[in-house]
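1. when you get a sec, could you give me coordinates for this:
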Amino acid sequence: MRIEYRVRIMAGLMILASLALAHYCTPLWLLLAAFVGVNLIQSAFTKFCPAEMIMKKLWPNAPL
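-> As a prediction, the model looks like this:
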């Protein structure tokens, strides 16, 4: 699986987790969803994605 797809899966899971935590714990968890969304937007414009860099270090032999 390409790293791009892994980043998308991770972003989706983090947004869903933050929504669940906001529902069951405190609405402040919505800040995590906002952070993930802003990071996705900035990575589309700048081609810089911290999650992709981390995944490349964790799985150096994964297909690009």
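
2. look at Pro60 and tell me its secondary structure.
-> Here Pro60 is recorded as coil under DSSP: H, G, I helix; E, B strand; the rest coil.

3. that one: neighbour count?
-> 7 (other CB atoms under 10 Å). Using the backbone N, CA and C atoms, a C-beta is placed for each residue, glycine as well.

4. and Lys56, by the same measure?
-> Neighbours of Lys56 under the rule other CB under 10 Å: 13.

5. name the residues that touch the longest helix seen in the chain?
-> Secondary structure of the chain per DSSP state H: the longest helix is helix 3-24. For helix 3-24, contacts defined as CB atoms under 8 Å, 6 or more residues apart in numbering pick out 28-33, 36-37, 39-40, 49, 51-52, 55-56, 59, 62-64.

6. out of these, which end up buried?
-> Buried residues within these, defined by neighbour count using 16 or more other CB atoms under 10 Å: Trp29, Leu32, Ala33, Val36, Asn39, Leu40, Cys49, Ala51, Glu52, Met55.

7. dump the residues you listed into a markdown table; add secondary structure, distance to Met1 and pLDDT as well.
-> What follows is these, written out as a markdown table (DSSP: H, G, I helix; E, B strand; the rest coil; distance: CB to CB, whole Å; pLDDT from 0 to 100):
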| residue | secondary structure | distance to Met1 | pLDDT |
| --- | --- | --- | --- |
| Trp29 | helix | 28 | 97 |
| Leu32 | helix | 24 | 97 |
| Ala33 | helix | 24 | 97 |
| Val36 | helix | 20 | 96 |
| Asn39 | helix | 20 | 95 |
| Leu40 | helix | 18 | 94 |
| Cys49 | coil | 16 | 92 |
| Ala51 | helix | 14 | 90 |
| Glu52 | helix | 13 | 90 |
| Met55 | helix | 11 | 88 |
